[in-house]
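Novice: Below are the sequence and a predicted model for it; my questions follow.
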Amino acid sequence: DSIRYLLALVVLRWLADLTHGGYQLPYPLILPDELEYHVPLSTRPERLPEWLNDMLAQLERLNKEELEGVFQHLNFKSPRFQFNQAGRGILGKAIDILWTKSHYRCSKELMKEALDIASTALMWNFNAPEYSTPDAVCSLASAILCPHHGESVYDPACGTGKMLVRCKNYLDADTAAQWQMYGTEADRTAWMLAKLNALSQGFSSRNIRWGDALRARDVFNDEGSQSRFDVVVSHFSWSVKEWRDDNAPADPYARFRHGMPPKKNADYAYLLHMASSMKAGLGRMLAVVSTGVLSRTGQEGRIRMRLVMDNLVDCVIALPDKMFQCTPIASAILVMRTDRASRRDVLFVDARGMAKGTRSSNTLSDDAVNAIARLYSTRTPADGIAALASHDGIAANVYSLSVALYLLPRREGAARDAAQVRGRRV
C-alpha cells in the first residue's frame with residue numbers, strides 16, 4: 001500500500017512540472033486543468049486529501065485506455081493521512097519533500113528513482129527476484145531477441161515491466177513509436193509499476209493488463225483465438241504452486257498440447273504459454289529460468305523432450321551464480337524460436353565464468369553481454385564456452401538441457417574472460 005501511495009504522489013509531481021513551464025511527457029497524457037504545480041503548496045492541509053483524490057480520479061477518467069484502475073484503489077482521505085492540527089500532517093510533509101525540497105524539473109529523475117526503489121522494495125517484500133531483474137540480464141535478453149520496427153513484444157508475467165521497456169535500448173525514437181508492447185501481471189502493485197514504467201519511457205501502457213496469463217480468461221485473444229507475437233520475453237516467478245485446479249477443463253487455446261505441467265510447479269506452464277504465444281514461422285521467445293527446468297524428469301522431462309523434437313529449442317545459456325537478489329538458485333536463459341526450419345541443433349553457452357562482482361553478488365559487464373550475444377548470433381563452438389548439440393545428442397542425454405553436459409573441456413590457454421572471447425573469431 002505504501003508503495004502505491006508514494007508512487008501516486010510522485011506521478012502528480014512529475015505531471016505538475018508541465019504546468020510549471022516544464023517539458024513534454026515521454027508519452028502524451030491529458031492532464032486535469034487543476035493539476036498545477038503551485039496548488040498543493042498553497043492548499044490548506046485539510047483539503048489536500050480531497051485534491052489528491054480528485055486529481056488521480058480525473059487522470060484515470062481523462063486517460064482511460066492508459067490509466068484506468070491504476071489509482072482507483074487509493075484513498076488519501078484514509079485515517080492514516082488524517083490532518084494533524086499541530087502541523088501540516090503526513091501529506092503536507094510529503095508535499096514539502098516532493099515539491100519544495102527538490103530542484104525544479106528534477107521530477108523526471110525523481111520518477112525514475114521512485115520506480116527503481118519501488119521495484120526493489122517489492123522484490124524484498126515478496127522475496128521475488130523477478131520484480132527487479134538485473135540490468136545485465138535485461139540487456140542480454142534484448143540483444144538476443146533484437147526487436148525490430150513495428151514488431152509486437154509480449155511478457156506474460158511482466159512484473160514491474162523492466163524487461164519490456166529495456167528493449168527500448170535497441171530501438172531508435174521512430175521505431176519505438178511503432179513498437180507494440182503487451183504484458184500481463186497478477187500482482188496489482190507490480191502492474192501499477194509496469195504501466196508507469198512504460199509511460200515514463202515513452203510507450204503506451206494500454207495493453208499491460210492486470211491478470212494471470214495462465215488462466216484462460218486472461219489470455220490475449222483475437223476473435224477467440226490466442227494472440228500471437230513476434231517476440232515473447234519473461235522472467236516469470238519460479239516454481240509457483242497450485243497454478244491450476246485439479247480437474248481444470250481443457251484449455252480453450254490448446255496451450256498445453258505438449259503435455260500438462262504438474263500442478264505443484266508452474267514453470268512449464270509459463271514456458272508452454274510463451275511457446276504458443278509466438279507467431280508461426282516468425283516468433284522468438286526468451287525465458288529466464290532456474291536450472292532445474294533444464295533437467296527435471298517426469299512430466300516436465302516429457303514436455304521438454306517434445307519441445308526439442310518439435311525443433312523449438314534454440315539456445316540455453318547458463319548464467320553466473322549470485323546474479324539475482326533474494327535467491328541462491330542457479331539460473332539460465334532458455335531461447336525458443338519458430339523460424340528454425342533450417343536448423344536441427346541447439347546452442348549451449350556457459351557464461352558462468354564471465355561474471356564480475358563482489359563476494360555477495362555477480363553481474364555481467366557490457367563486454368560480457370556483447371560476447372554472449374555474439375556467440376548466439378554466430379553459433380560457432382568455442383572450447384569450454386559454447387557448443388552445438390544435435391537432437392540425437394540431446395536424446396542420448398535423455399533430453400536434459402543442462403549446459404555442462406554438452407561443453408568440451410576448456411583447452412589450456414583458451415579464452416577465460418569476456419574481453420578475450422569478444423576478440424576471438426567465434
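Specialist: Perfect, thanks for sending it.
Novice: Quick one: mean pLDDT over the top helix by length along the chain.
Specialist: Secondary structure of the chain read by DSSP state H shows that its longest helix is helix 107-126. Averaging pLDDT along helix 107-126 gives 78.
Novice: Packing partners of it?
Specialist: The elements that helix 107-126 packs onto, with contact taken as 3 or more Cβ pairs under 8 Å, 6 or more residues apart in numbering; DSSP states H and E, are helix 2-16, helix 188-200. Every residue, glycine included, has its C-beta placed from N, CA and C.
Novice: Just list what the helix or strand just after the last one packs against, helices and strands only.
Specialist: Pointing back at helix 188-200 there. Going down the chain from helix 188-200, the next helix or strand is strand 208-210, by DSSP states H and E. Other helices and strands packing on strand 208-210, by 3+ Cβ pairs under 8 Å, 6+ apart, are strand 180-185, helix 188-200.
Novice: Quick one: the strands in the chain, in order.
Specialist: Counting by DSSP state E, residue ranges of the strands within the chain are 152-155, 180-185, 208-210, 221-222, 225-226, 231-234, 284-290, 313-318, 331-337, 345-350, 355-357, 362-364, 386-390.
Novice: Need the winner for burial among those.
Specialist: For the strands of the chain, average neighbour numbers computed from mean count of other Cβ atoms under 10 Å are highest in strand 231-234, which has a mean of 28.
Novice: Surely residue 314 and residue 340 touch.
Specialist: Yes - in this structure residue 314 lies within contact range of residue 340 using Cβ atoms under 8 Å: 6.1 Å.
Novice: Check the gap between residue 31 and residue 340 for me.
Specialist: Using Cβ to Cβ, to the nearest Å, one obtains 48 Å as the distance from residue 31 to residue 340.
Novice: what do you get for residue 386?
Specialist: Going from residue 386 to residue 340 by Cβ to Cβ gives 18 Å.
Novice: re earlier: nearest to residue 120 among the strands of the chain would be which one?
Specialist: The minimum distance between residue 120 and the strands of the chain falls on strand 362-364, with 15.3 Å, by Cβ to Cβ.
Novice: low pLDDT regions in the protein?
Specialist: Along the chain, segments meeting pLDDT under 70 span 18-23, 82-97, 99-108, 168-179, 409-426.
Novice: re the thing from before, among the helices and strands packed on strand 208-210, which is nearest residue 294?
Specialist: strand 180-185 (24.9 Å).
Novice: Within the sheet, what are the partner strands of that closest one, with directions?
Specialist: The strands beside strand 180-185 in its sheet (DSSP bridges) come out as strand 152-155 (parallel), strand 208-210 (parallel).
Novice: who touches residue 133 in this structure?
Specialist: Listed by Cβ atoms under 8 Å, 6 or more residues apart in numbering, the contact partners of residue 133 are 159, 162, 163, 235, 288, 324.
Novice: what do you get for residue 242?
Specialist: So, once contact is read as Cβ under 8 Å, 6+ apart, residue 242 ends up touching 263, 264.
Novice: From residue 359, how far off is it?
Specialist: 36 Å.
Novice: cool, residue 144 as well?
Specialist: As defined by Cβ to Cβ, residue 144 lies at a distance of 29 Å from residue 359.
Novice: Show me which of these two is the more surrounded one.
Specialist: residue 144 (20 against 6; other Cβ atoms under 10 Å).
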